[in-house]
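[1] Predicted model, plus sequence, below.
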Amino acid sequence: MRKLLLFGFAFLLFPLSSTFGSTQTNIGDNIFVFVQTTVRNSDGTIIVYLESTKFSDLNLPALQSFLDYEATRGNDPIITIDGEKYQVIRRVQSQSLDSEGLVASTILSDNVNGKSVILARFAHDGYPTIPGDTLESMWTFVRPVV
């Protein structure tokens with residue numbers, strides 16, 4: 001137990017920054033990406049909540065194509081920030097888990113030409129799951145209106 005506390009304390013003193021090659025998205029970039037992940041047990045109690053704007057994999061060309069398609073499917077609002085217009089696209093992925101496991105990243109992927117392509121990946125500390133848990137990831141994208 002003492003080693004675990006010291007390990008946690010070391011991370012407070014020396015936080016990980018971009019050592020894993022994370023890409024931070026900002027409103028000034030072409031696309032801003034934000035993900036919120038919630039895991040609930042079979043009773044509906046939240047057991048994990050994570051959020052991030054940092055991604056270890058961000059495939060901007062494939063993501064732009066995905067958002068172009070998604071924009072044709074929904075009524076996504078246009079907002080104005082500092083006189084500039086932006087489209088907000090929000091999508092939710094839900095999954096019921098039927099086996100035990102350890103989840104160490106939140107991934108958004110798409111099927112491109114019959115092949116799965118990672119659009120964005122948020123690498124995080126792992127969390128254990130058991131059958132009956134549900135996973136929900138809300139992806140929010142903000143991009144300039146051209």
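    Sure, I can see it.

[2] Tell me the strands beside the strand ranked longest in the chain, with direction?
    What stands out as the longest strand in the chain, according to DSSP state E, is strand 115-129. Strand 115-129 sits in its sheet next to strand 57-58 (antiparallel), strand 101-112 (antiparallel), going by DSSP bridges.

[3] For residue 82, which of the ones you listed is the nearest?
    Minimum separation from residue 82 across the strands paired with strand 115-129 (C-beta to C-beta) falls at strand 57-58, 23.9 Å. In this view, the C-beta of every residue, glycine as well, is placed from N, C-alpha and C.

[4] Give the other helices and strands that the next helix or strand after the closest one contacts.
    Scanning forward in sequence from strand 57-58 by DSSP states H and E, the next helix or strand is helix 60-73. Helix 60-73 sits against strand 84-96, strand 101-112, strand 115-129, strand 134-144, with contacts defined as 3 or more C-beta pairs under 8 Å, 6 or more residues apart in numbering; DSSP states H and E.

[5] right, and the helix or strand after helix 60-73?
    Beyond helix 60-73 toward the C-terminal end (DSSP H and E), the next one is strand 78-81.

[6] Report the distance from that following strand to the chain centre.
    22 Å (C-alpha atoms, centre = their mean, to the nearest Å).
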